[in-house]
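*Asks:* Build the 3D model from these lines:
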Amino acid sequence: MQIKDLKVKEVSTLTVMIKSVNVGRTTAQKPYLKFELVDQSGSIFANKWSLKPEELNAFEAGQVVTVKGLVQLYNAQKQINIESVSLVEGEVDYSQYVESSKFTVENLKSDITGFLDEMKPGYYKDILNYFLTKYEHEFYLHPAASRMHHAFMSGLAQHVYEMLKMGSAYCDLYPLVNRDLLYAGVILHDLGKLFEMSYEQCIKTDYTLEGLMIGHINMMVSMIDEASKELGYDGEEVLFLKHMVIAHHGKLEWGSPKEPMIIEAELLHYLDVVSAKMTAIEVALRHCEEGQMSDRIPMLDNRRFYHHK
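*Replies:* You can find the predicted model right below:
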């Protein structure tokens with residue numbers, strides 16, 4: 001049984017991975033465990049209200065466990081009231097418990113390389129080859145985020161591919177857009193997330209100290225500076241690429257140190273938003289049956305979407 005197969009008001013047993021676990025307190029100040037559980041079909045929240053003393057510190061993110069409990073609805077979303085939870089012993093194939101991109105790594109590599117082949121020789125192509133060679137394994141493996149969008153194996157590469165695909169069409173429509181600069185910004189805008197968060201079995205376990213204190217945007221700007229010097233580049237092109245990364249959240253209140261000041265940065269922001277929101281909807285609809293409403297989607301103001309034929 002997988003998470004997507006769970007039925008409300010039924011007691012079910014399934015084997016899943018722990019994405020996160022925290023200790024909560026009831027109104028009577030008794031401790032309980034709050035889990036987020038995942039498998040290839042999706043994720044679900046679960047609570048274990050009655051604890052043995054040894055269970056309080058027995059679980060952590062990345063462990064595979066067998067859970068038995070009653071499936072209930074809370075705020076229109078399924079959750080599990082856990083009766084029992086135990087660690088799976090022996091060798092574990094973690095790929096069986098992690099949601100993955102709808103694209104294979106091989107296809108993502110081939111398609112993204114195809115976009116690089118469209119670029120002219122020079123700084124933007126050189127720095128992309130530098131980073132994609134140095135961090136190839138991490139780039140094609142990691143999620144794009146811990147929860148909000150593309151939060152699955154190879155999610156970062158899928159996010160980049162979607163943005164490149166849309167960006168290419170916009171470059172055809174608007175010749176004023178510098179295609180090479182746009183492609184470079186798309187591929188590098190979230191690369192700092194590889195170091196902002198620590199990952200185990202392709203799920204976020206925690207923010208790194210550098211991630212907490214500096215953040216992926218500032219980290220990436222520093223990485224661009226270092227790589228540009230190593231490659232022997234300095235000047236306006238470097239400045240524009242750093243601005244692409246700095247401004248990609250679009251607004252100051254959304255986490256951008258600067259708002260977009262060049263056409264490519266404005267377009268990058270829109271591509272980022274469309275890719276994130278459309279994939280969040282797609283994943284939510286994939287996890288519910290036709291004729292049903294999806295779970296609430298946090299990045300779309302907790303709205304639900306209807307899965308029609």
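
*Asks:* Which of the residues in the longest strand along the chain are classified as buried?
*Replies:* Across the chain, the longest stretch assigned as strand under DSSP state E is strand 11-25. Residues 14-21 are the ones in strand 11-25 that count as buried (16 or more other Cβ atoms under 10 Å). C-beta here means a position set from N, CA and C on the backbone, and glycine is covered the same way.

*Asks:* Relative to residue 268, which of those residues is nearest.
*Replies:* residue 19 (29.2 Å; Cβ to Cβ).

*Asks:* Go ahead and confirm that closest one touches residue 43.
*Replies:* Yes: at 6.3 Å, residue 19 counts as touching residue 43 under the criterion of Cβ atoms under 8 Å.

*Asks:* name the helices or strands packed onto the one helix or strand residue 184 maps to?
*Replies:* Residue 184 is part of helix 179-188 when elements are defined by DSSP states H and E. Contacts defined by 3 or more Cβ pairs under 8 Å, 6 or more residues apart in numbering; DSSP states H and E place helix 179-188 against helix 105-117, helix 123-134, helix 155-173, helix 236-247, helix 263-286.

*Asks:* continuing past the worst-scoring helix or strand of the chain on mean pLDDT, what's the next helix or strand?
*Replies:* Sorting the helices and strands of the chain by mean pLDDT, DSSP states H and E puts strand 203-207 at the bottom, at a mean of 69. Going down the chain from strand 203-207, the next helix or strand is helix 209-213, by DSSP H and E.

*Asks:* Show me where the protein dips below the pLDDT cut-off.
*Replies:* Along the chain, segments meeting pLDDT under 70 span 200-205.

*Asks:* Could you list the domains of it?
*Replies:* 3-95, 100-284 (automatic domain parsing).

*Asks:* export these to a markdown table and tack on distance to residue 291?
*Replies:* Below are the domains of the chain laid out as a markdown table (distance: least, Cβ to Cβ, whole Å):
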| stretch | distance to residue 291 |
| --- | --- |
| domain 3-95 | 15 |
| domain 100-284 | 15 |
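
*Asks:* closest to residue 302 out of the ones you listed?
*Replies:* When these are compared by Cβ to Cβ, domain 3-95 sits nearest residue 302, at 8.8 Å.

*Asks:* how long is that closest one end to end?
*Replies:* Taking Cα to Cα, to the nearest Å, the first and last residues of domain 3-95 lie 15 Å apart.

*Asks:* before we move on, back to that, contacting residues around the longest strand of the chain?
*Replies:* Residues outside strand 11-25 that contact it (Cβ atoms under 8 Å, 6 or more residues apart in numbering) are 1-3, 6, 31-39, 43, 47, 56, 59-71, 80, 83, 88, 94, 97-98, 201, 203-204.

*Asks:* Relative to the helix or strand just after it, what are the paired strands and their orientations?
*Replies:* Of the helices and strands lying after strand 11-25 in sequence (DSSP H and E), the nearest is strand 31-39. The strands beside strand 31-39 in its sheet (DSSP bridges) come out as strand 11-25 (antiparallel), strand 42-48 (antiparallel).

*Asks:* what's the neighbour count on residue 231?
*Replies:* Neighbourhood size, residue 231 [other Cβ atoms under 10 Å]: 14.

*Asks:* distance of it from residue 238?
*Replies:* As for residue 231, its distance to residue 238 is 10 Å (criterion: Cβ to Cβ, to the nearest Å).

*Asks:* Now for these two: what residues contact both?
*Replies:* Contact criterion Cβ under 8 Å, 6+ apart; residues shared by residue 231 and residue 238: residue 123.

*Asks:* check contacts around the nearest residue to residue 64 once chain neighbours are set aside.
*Replies:* Nearest non-adjacent residue to residue 64, counting by Cβ to Cβ, 6 or more residues apart in numbering: residue 88, 4.4 Å away. Neighbour list for residue 88: 15, 63-66 [criterion: Cβ under 8 Å, 6+ apart].

*Asks:* out of these, which is most surrounded?
*Replies:* With neighbours taken as other Cβ under 10 Å, the top of those is residue 65, carrying 21 neighbours.
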